[in-house]
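Novice: For reference, the sequence and a predicted model appear below.
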Amino acid sequence: MNLFTDIHARVLEALRALEAAGDLPAGLDTGNVTVEPPRDPAHGDMATNAAMVLAKPAGARPRDIAEALARHLAEDPRIATAEVAGPGFLNLRLSPHAWQDVLRVALERGQDFGRSRMGAGQAVNVEYVSANPTGPLHVGHTRGAVFGDALASLLDFVGYAVTREYYINDGGAQVDTLARSVYLRYLEAHGQEVAFEEGTYPGDYLIEVGERLMEQVGDAYVDQPEAVWLAEVRTFATEAMMDIIRRDLKALGVQMDVFFSEKSLYGTGKIEAALDALAEKGLIYEGVLEPPKGKKPEDWEPREQTLFRSTAHGDDVDRPVRKSDGSWTYFAPDIAYHYDKVRRGFDLLIDVFGADHGGYVKRMKAAVSALTDGRVPLEIKLCQLVKLYKGGEPFKMSKRAGTFVTLRDVVEQVGPDVTRFVMLTRKNDAPLDFDFDKVLEQSKDNPVFYVQYAHARVCSVLRKARAAGIDVEDATLAAADLGVLTDPAELSLARKVAEWPRLVEIAGRTAEPHRVAFFLYDLASELHSLWNLGNDRPELRFLQEDAPATSQAKIALARSVTVVISAGLGILGVTPVEEMR
């Protein structure tokens, strides 16, 4: 039940009635008519711009349309008042029973309250993390993993058929470097002293991999030339690192549907097929690029390469797909990978990149646009940097990783729930400060605690009610006489609950799961405010002594809050708590 959608439908129905009566010309385009919360809550519960957007095509004064519309809407029992404001906005106040009915629906539907069919079952592929399998996931990957996972859950909640995907970058030169680094740890496991040259991976995380390699092959590769062991060690090391990455993702509560190997694109004709598809459209040619910005002509050696005419699809320059020596560029397998996604039947592709990949956005969007003739959109979400602090100082790097703070470092410090929620307290393209001390504070300034505390408070009320012999099953609460919920503070909380279906659709439409985190904080704030009012005004307490029917009505309001908090935390991948420790 989306009350805003329902009232919007009622406004459109009233407009059609005005057309039928001859008060408005027939066939008006009502596509831009909205029903939204007013900027100032003092103006009402909802506001519609119908009169403003229809005045010009109708050849009428906005106030005249608004007044006629108000008369029709006043007939709806859910609408207490419809008042014209300013040049023709129409402010609506809803009757208490309209909000009370929302609470009943929330209790009846449980965590499905707010789910919608907005996505209409469209198949969407969300690719995220996709880190090189050369080391453990670091804090930057953590933010991308949390954002991508929450976005996937959000899109599922609003009706899309979602596939979560990880692209394993195991086809480039970096996996050869990984193999050589593991080989050094392998020799080390055999008691040899080794030196890590510049460009290798010296992190302690490869000690375990080197020891496992020794257990598997014994001394077969000791002092052997690279040609003997490189291919086998590369495969072994990649699989071992992916085991570590999978464990890290599991610790964060992230589970992928698909792990796609870049290596599977080579030698299978998939890269050639993708480029042939572009060539058939006249978008592949042999040419020489201009020098990159900042390069002087004398510093630039022009080479003829195979180029993709990406400028025909919105890119700034055409992009090379094959080097002058005949080898593929990094871009070629990326094109093939997205072509594979398209051929798997996805209606929408979403890639979650780190901010350092911002320069890749236009070329990838151009490639997908060209491959599908614009039929399949590609959205690319960039995740900005995370700055870590502890004790007022920048958090030091992980000795195990050698150069960076790992995902496991963060999760072991504060747990997966806190990690996930805090990573979603900023929009993905805004920098985020993560303070280990603050995220564990038990205060209003800590959004994780504040939301969890609201949920736990209601759970404590439910426990006390059961101990007092009051039936607080959801079905019973939904059937309670909610007409006793008339205090402005109670209705304010009910209004907030009613905003959830609208909010979650907006978050899904904009692909912004941080909106859910913000909403949960505001909802928790409303619950805590009502709770605190009850300290001074006993009639507002959820448990009313010797008044079980009244208690059930008030607990129905509180329970509907936990229904929304549970659903919202579910989207964020956070487990609601029933007791605070």
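Specialist: Arrived safely, thanks for sending.

Novice: Please look at Arg466 and Thr476 and confirm they touch.
Specialist: No - in this structure Arg466 lies outside contact range of Thr476 using C-beta atoms under 8 Å: 11.5 Å. (Each C-beta comes from the backbone N, C-alpha and C, glycine too.)

Novice: Student question: in this structure, what's the helix or strand with minimum average pLDDT?
Specialist: strand 393-394 (a mean of 89; mean pLDDT, DSSP states H and E).

Novice: average pLDDT for the helix or strand sitting right after it along the chain?
Specialist: Per DSSP states H and E, the first helix or strand lying C-terminal to strand 393-394 is helix 407-414. Mean per-residue pLDDT for helix 407-414: 92.

Novice: From the chain's centroid, how far away is the following helix or strand past helix 407-414?
Specialist: Per DSSP H and E, the first helix or strand lying C-terminal to helix 407-414 is helix 416-423. Distance of helix 416-423 from its chain centroid, counting by C-alpha atoms, centre = their mean, to the nearest Å, is 13 Å.

Novice: Quick one: residues in contact with helix 416-423.
Specialist: Residues from elsewhere that reach helix 416-423, judged by C-beta atoms under 8 Å, 6 or more residues apart in numbering: 142-143, 146-147, 149-150, 251-253, 386, 410-411, 414, 432, 434, 439-440, 447-448, 451, 517, 569, 572-575.

Novice: Provide the strand pairings for the helix or strand that that helix is followed by, with the direction of each partner.
Specialist: Sequence order places strand 432-435 as the next helix or strand after helix 416-423, per DSSP H and E. Using DSSP bridges, strand 432-435 pairs in its sheet with strand 386-390 (parallel).

Novice: Mind telling me what element the residue most central in space within the chain is part of?
Specialist: Centroid-nearest residue in the chain: Leu151, 2.4 Å away (criterion: C-alpha atoms, centre = their mean). Using DSSP H and E, Leu151 falls within helix 139-157.

Novice: And the next helix or strand past that helix?
Specialist: Following helix 139-157 in sequence, per DSSP H and E, is strand 161-168.

Novice: Buried residues, that following strand. List them.
Specialist: The neighbour-count check on strand 161-168 (16 or more other C-beta atoms under 10 Å) flags Val162, Thr163, Arg164, Glu165, Tyr166, Tyr167, Ile168 as buried.

Novice: what's the distance between the first one and Glu127?
Specialist: For Val162, the distance to Glu127 (C-beta to C-beta, to the nearest Å) stands at 11 Å.

Novice: What's the mean pLDDT across stretch 94-104?
Specialist: 96.

Novice: Could the C-alpha coordinates of that stretch be exported in CSV?
Specialist: In CSV, the C-alpha atoms belonging to stretch 94-104 read as follows (Å, rounded to 0.1, in the frame of the first residue of the first chain):
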residue,chain,number,x,y,z
LEU,A,94,-5.6,13.4,5.6
SER,A,95,-7.9,12.1,8.3
PRO,A,96,-6.4,10.0,11.1
HIS,A,97,-8.1,6.8,9.8
ALA,A,98,-6.1,7.1,6.6
TRP,A,99,-2.8,6.8,8.5
GLN,A,100,-4.3,4.1,10.8
ASP,A,101,-5.2,2.0,7.8
VAL,A,102,-1.6,2.1,6.7
LEU,A,103,-0.5,0.6,10.0
ARG,A,104,-3.0,-2.3,9.5
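
Novice: Distance from that stretch to the middle of the chain?
Specialist: 30 Å.

Novice: Outside of that stretch itself, list whatever touches it.
Specialist: 1, 3, 7, 45-46, 77-80, 478, 482-483, 485-486, 491, 494-495, 497-498, 556-557, 560.

Novice: Show me those residues that map onto strands.
Specialist: Using DSSP state E, Met46, Ile79, Ala80 are the members of the contacts of stretch 94-104 that sit in strands.

Novice: pLDDT below threshold where in the chain?
Specialist: Residue ranges of the chain with pLDDT under 70: 294-299, 397-403.
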